[in-house]
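Undergrad: Need a 3D model of the following:
(one chain, ligands or ions: 1)
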Amino acid sequence: MKTFPPLRKIALTLLIIVLLPALFYSIYELKSLNENEKMIGEIYRQQLETILFSINQYSWDVADSWVSRIDAALRESPGEALQNRLEGFVANNRAVQAVFLADSAMASLRFFVLPESNPESRQLPEDLRSALQNQKNLPEQLKRYRQAGYRKIEPVVVTTARNPDHQSVALLFALGDFAKDLPFRIAGLVLEPNNFINQVLAPKLEEVAGEQFYLAVYHGEERQAIYPAGGEVSGDAEQTKLLWLFPRFSLGIYPRGETIAELARSRSRWNLAFILLLDALLIAGVWFVYRNVRREVDLAQMKSDFVSNISHELRTPLSLIRMFSETLEMGRVRSEEKKQEYYKIIGQETERLTHLVNNILNFSRIEAGRKEYHFSNVNLNEIAGKVLDNYQFHLKNEGFALETDFDSALPTVKADAEAVSESLINLLDNAVKYSDKEKYVCIRTGREDGAVYVEVEDHGIGIAVEHRQKIFEKFYRVSGALVHNTKGSGLGLSLVKHIMDAHQGRVVLESQPGKGSRFRLVFRSELK
Ligand code: ADP
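TA: As a prediction, the model looks like this:
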């Protein structure tokens with residue numbers, strides 16, 4: 001079947017108006033999905049950063065409030081009272097290891113409070129002294145800030161000599177004007193990081209973490225978890241940040257359950273799957289539309305072939321009938337024998353014409369769903385015999401060798417005799433039309449597995465495998481030299497198929513291209 005140019009146009013149109021926009025849209029969506037995911041990830045990262053920042057800010061605020069209290073105590077309570085006040089303060093805040101004053105040269109130190117419970121604390125004055133040795137310029141700087149009205153706090157790391165892994169932090173600030181007459185210009189407090197983290201920071205971490213996060217504090221390069229003790233959290237933190245107060249410590253934050261970034265990722269994945277599914281559906285839809293259109297176009301082509309073929313088929317018998325009847329009418333035929341022959345030809349051609357018209361009528365009835373069947377008990381041998389009576393002459397005339405092989409013990413079947421005859425005529429007609437060199441037809445009846453059959457065999461051109469199903473579709477004709485030259489409507493086999501379906505039977509086709517075909521109509525011997 002040749003492809004209509006409109007088909008290519010339709011395919012192109014579908015491609016341009018449906019598939020291309022869908023493709024562009026998909027690419028655009030995929031790109032923006034990626035960007036959305038990145039953006040959400042970035043927002044999430046900033047959120048985590050803000051949380052860590054707020055914790056740092058909180059620790060600093062606590063330290064700042066302690067500095068304020070020490071500053072106030074130094075200003076307000078001279079002598080004995082000061083010592084008591086500071087002792088009380090340190091006793092209540094275990095994170096504070098010591099409170100001290102220093103002179104401008106950082107050379108002489110005065111400790112107010114110094115818990116002596118552990119060896120590290122006992123060594124603290126020495127450790128602090130050596131830490132401050134390197135900060136000679138600090139007092140001057142802090143003093144200048146204080147004079148300008150701002151009490152700046154400067155952290156100095158104090159490494160414990162006996163255990164270099166342990167570091168405290170001294171927070172230094174300049175004393176105000178009230179200390180003009182004192183030998184000391186600088187005050188400070190020493191913070192013990194582990195205590196600070198566990199007592200001051202821990203409750204805050206709990207509060208900030210809430211339902212959404214886990215927070216952890218690590219020590220050192222190798223990130224050993226100090227809080228929560230024993231490191232309850234596993235895996236890598238989503239984000240980490242150094243603690244401002246204790247430079248060897250860092251904060252880590254972990255999401256509980258799915259993170260927003262993960263959510264965004266999984267949503268992106270779903271969206272991606274959805275887009276791909278949509279695309280697949282669209283492609284399937286376009287293919288479906290295209291296939292239907294192609295079918296319609298093919299059908300239109302077949303219909304137009306049908307009209308031209310049918311007109312030709314009608315014309316041939318009509319002209320024969322006309323020719324012979326005119327010859328007879330003019331009385332030119334003298335011999336009775338010839339006359340009889342002409343009458344017979346006229347009769348046969350009328351028969352063919354009737355058959356052709358019947359085919360068309362049956363087809364239109366079937367199409368309209370109005371075809372009726374009248375079932376009765378029939379013997380296939382009888383039906384085949386009657387068909388042959390009418391057809392024999394035609395076969396012989398065409399030079400066919402006819403063979404019959406009827407099963408004499410054939411049981412009757414419930415069938416519409418007329419419809420079965422029509423089917424057989426169609427099969428015989430095809431056997432004649434599609435035989436080339438070897439003109440042979442055999443009609444056979446028989447039994448198989450409780451069913452009864454009648455079949456027509458020829459030694460004609462045969463049917464290739466790829467056409468064996470399609471030839472039972474309406475208007476379908478195999479393209480080939482012989483078929484092309486042989487006129488036909490493409491209706492015959494579709495009628496046969498329809499008739500056999502109505503009988504709850506089947507058509508079995510065996511064929512070898514170049515060798516011949518055998519169409520077997522199989523009836524169930526007892527209809528339900
Ligand atoms: P038509 O014979 O009018 O074309 P049919 O529906 O009877 O229509 O047959 C459909 C097609 O099947 C034919 O065009 C032909 O190509 C093929 N065909 C049918 N019967 C035979 C046969 N006995 N041998 C070879 N080809 C056949």
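Undergrad: mind listing what Gly317 touches?
TA: Check again: residue 317 is Pro, not Gly. The neighbours of Pro317, taking CB atoms under 8 Å, 6 or more residues apart in numbering as the test, are Glu349, Thr350, Arg352, Leu353, Leu356. Quick note: C-beta positions are derived from backbone N, CA and C, even for glycine.
Undergrad: Is whichever strand or helix holds it in proximity to the ligand?
TA: Assigned by DSSP states H and E, Pro317 belongs to helix 260-329. No - Helix 260-329 stays clear of the ligand (CB under 6 Å from any ligand atom), getting no nearer than 7.2 Å.
Undergrad: Specify the angle between the following helix or strand past that helix and helix 260-329 in degrees.
TA: Per DSSP H and E, the first helix or strand lying C-terminal to helix 260-329 is helix 336-368. Angle between the axes of helix 336-368 and helix 260-329 is 160 degrees (criterion: axes from the mean of the first three to the mean of the last three CA atoms, to 10 degrees).
Undergrad: How many neighbouring residues does the residue in the stretch 101-250 of the chain that the ligand sits nearest to have?
TA: Relative to the ligand, the nearest point of the stretch 101-250 of the chain is Gly235 (71.7 Å; CB to the nearest ligand atom). Gly235 has 6 neighbouring residues, counting by other CB atoms under 10 Å.
Undergrad: residue contacts, it?
TA: So Gly235 contacts Tyr254 (CB under 8 Å, 6+ apart).
Undergrad: swap in Arg69?
TA: Phe89 are the contacts of Arg69 under CB under 8 Å, 6+ apart.
Undergrad: quick one, phi/psi of it?
TA: Backbone geometry at Arg69, expressed as degrees, to the nearest 10, gives phi -70, psi -40.
Undergrad: measure it to the ligand for me?
TA: Distance, Arg69 to the ligand, by CB to the nearest ligand atom, to the nearest Å: 107 Å.
Undergrad: Tally up the residues packed near Trp287, please.
TA: Count around Trp287 with other CB under 10 Å applied: 11.
Undergrad: can you check the one 4 residues further on too?
TA: Counted with other CB under 10 Å, the burial measure for Arg291 works out to 10 neighbours.
Undergrad: what does Gly480 give?
TA: Neighbours around Gly480, by other CB under 10 Å: 15.
Undergrad: Would you mind listing what in the stretch 401-528 of the chain touches the ligand?
TA: Contacts of the stretch 401-528 of the chain with the ligand, taken as CB under 6 Å from any ligand atom, map to 426, 430-431, 433-434, 458, 460-463, 471, 476-478, 483, 488-494, 517.
Undergrad: among those residues, which are in helices?
TA: Asn426, Asn430, Ala431, Lys433, Val483, Gly492, Leu493, Ser494 (DSSP state H).
Undergrad: for the nearest residue to the first one once chain neighbours are set aside, what are its contacts?
TA: The spatial neighbour of Asn426 that comes closest, neighbours along the chain excluded (CB to CB, 6 or more residues apart in numbering), is Gly492 at 3.9 Å. When contacts are counted by CB under 8 Å, 6+ apart, Gly492 touches Asn359, Asn426, Leu427, Asp429, Asn430.
Undergrad: Pull the number of nearby residues for the closest residue to the first one other than its chain neighbours.
TA: The shortest distance from Asn359 to any residue that is not its chain neighbour, by CB to CB, 6+ apart, is 5.4 Å, and that residue is Leu491. Each residue near Leu491 was counted by other CB under 10 Å, and the total is 24.
Undergrad: Tell me which stretches of the chain form helices.
TA: 5-14, 20-76, 79-92, 119-122, 124-133, 138-147, 193-195, 202-209, 260-329, 336-368, 380-397, 417-433, 481-485, 492-502.
Undergrad: between the third one and helix 20-76, how many degrees?
TA: To tie it back to what came earlier, the one meant is helix 79-92. Using the same axes, to 10 degrees: helix 79-92 against helix 20-76 is 150 degrees.
Undergrad: Report all helices and strands that helix 79-92 contacts.
TA: Packing partners of helix 79-92 (3 or more CB pairs under 8 Å, 6 or more residues apart in numbering; DSSP states H and E): helix 20-76, strand 96-102, strand 109-113.
Undergrad: coming back round to it: helix 5-14 and the helix holding Pro317, what's the angle between them?
TA: 170 degrees.
Undergrad: Appreciated, that's everything.
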